[in-house]
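In: Structural data only, the sequence is not supplied:
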């Protein structure tokens, strides 16, 4: 079968979603329609949209018809849209007109804030009713959709981004190696990530608990200058390092003990799964679908509120945990990713979904 995909996502997220599909022997070709070429993936080719589609008006008017043309040209039997607005609308329009089955997929939590808009909610109900499924980033999101669309409960599936656990893996004898960094943040430097709270919590770790530690911030974004100035203001320049954006974060993850996050909104963070696959233990709030993989003092350390006092206390608890218990937690972290969020696990879910709809 040939599959056409439309969506908006970075290279790493794209790989995490497309690679499991490409591994199905029943899939002959995947054609991804997007604004630029993506990473090289077996069986996958890219159709780059015209430059004028970078303007939202032209994107809304032209892209659905390009999808129809690509569907017919490649005799595709399935259409997938990642990121609900606008791509669920694109694929539903193209799917209905071309009579091609389609799947839509949620990639974050922002769409759930739109349920209060009556027009958007009705439109989403129309799209989902005619879709094969709506793939969600976790259990909490599935329940949210089911509660808002009780007549369509069977449409919502827990099928999210996945991790290449062969690439994201710990170093040999990682449990006995002294790590260079106590904490790592991995992701875009954006307000929604509340990295300033992490920096201030790190300072409190020093000032209140008299604990000297090291932290690595991996990533880039609009908050970088502000965060660098905050680090200088708090006199943490020798303890906190900024690496900037890195294409392959594995070496940095492997040098760290704990991932620290405090996002206002998350689906199920790819960075968290990458770190857990490398036996790096998360410290986080249970926003979005994170509770699918994090249980306090089992596969991570949690805090309830986005308060410096609570975050720094969780950081302290992590640093003071017994080494034997720490190694047990590390193993649990990697095992839960392999079992539920690896490429292999996603491939099994895709086979089940496609077979149940008689597409393979």
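Out: Alright, I've got the coordinates. Worth saying up front: this structure is predicted, and the values here are computed from it rather than measured.
In: And for residue 206, the neighbour number?
Out: 16 (other C-beta atoms under 10 Å). The way it works is simple: take the backbone N, C-alpha and C, and place the C-beta from them, glycine included.
In: what helix or strand does it sit in?
Out: helix 195-207 (DSSP states H and E).
In: For that helix, which residues meet the burial criterion?
Out: By neighbour count on 16 or more other C-beta atoms under 10 Å, the buried set for helix 195-207 is 195-206.
In: Could you report the separation of the closest residue to residue 164 other than its chain neighbours from residue 141?
Out: Leaving out its chain neighbours, the residue that sits closest to residue 164 by C-beta to C-beta, 6 or more residues apart in numbering is residue 343, at 5.8 Å. Residue 343 is 21 Å from residue 141, where distance means C-beta to C-beta, to the nearest Å.
In: Between the two, which is the more surrounded one?
Out: Shown here are residue 343 and residue 141; by other C-beta under 10 Å, residue 141 has more neighbours (25 against 19).
In: Mind pulling up the pLDDT for that one?
Out: Note on residue 141: pLDDT of 94.
In: Give me the secondary structure label for it.
Out: Secondary structure, DSSP: H, G, I helix; E, B strand; the rest coil: residue 141 is helix.
In: Same check on residue 257?
Out: Residue 257 - assigned by three-state DSSP - is strand.
In: That one contacts residue 179, doesn't it?
Out: Yes: using C-beta atoms under 8 Å, residue 257 makes contact with residue 179 at a distance of 4.7 Å.
In: other SSEs contacting the helix or strand bottoming out on mean pLDDT in the chain?
Out: Least confident element among the helices and strands of the chain, by mean pLDDT, DSSP states H and E: helix 11-22 (a mean of 90). The contact analysis (3 or more C-beta pairs under 8 Å, 6 or more residues apart in numbering; DSSP states H and E) places helix 11-22 against strand 2-7, strand 29-34, helix 270-277, helix 343-356.
In: could I get those as TSV with distance to residue 92?
Out: TSV is the format used below for the helices and strands packed on helix 11-22 (distance: least, C-beta to C-beta, whole Å):
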stretch	distance to residue 92
strand 2-7	11
strand 29-34	15
helix 270-277	26
helix 343-356	18
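In: What sits closest to residue 75 if chain neighbours are left out?
Out: Nearest to residue 75 is residue 2, by C-beta to C-beta, 6+ apart, at 6.2 Å.
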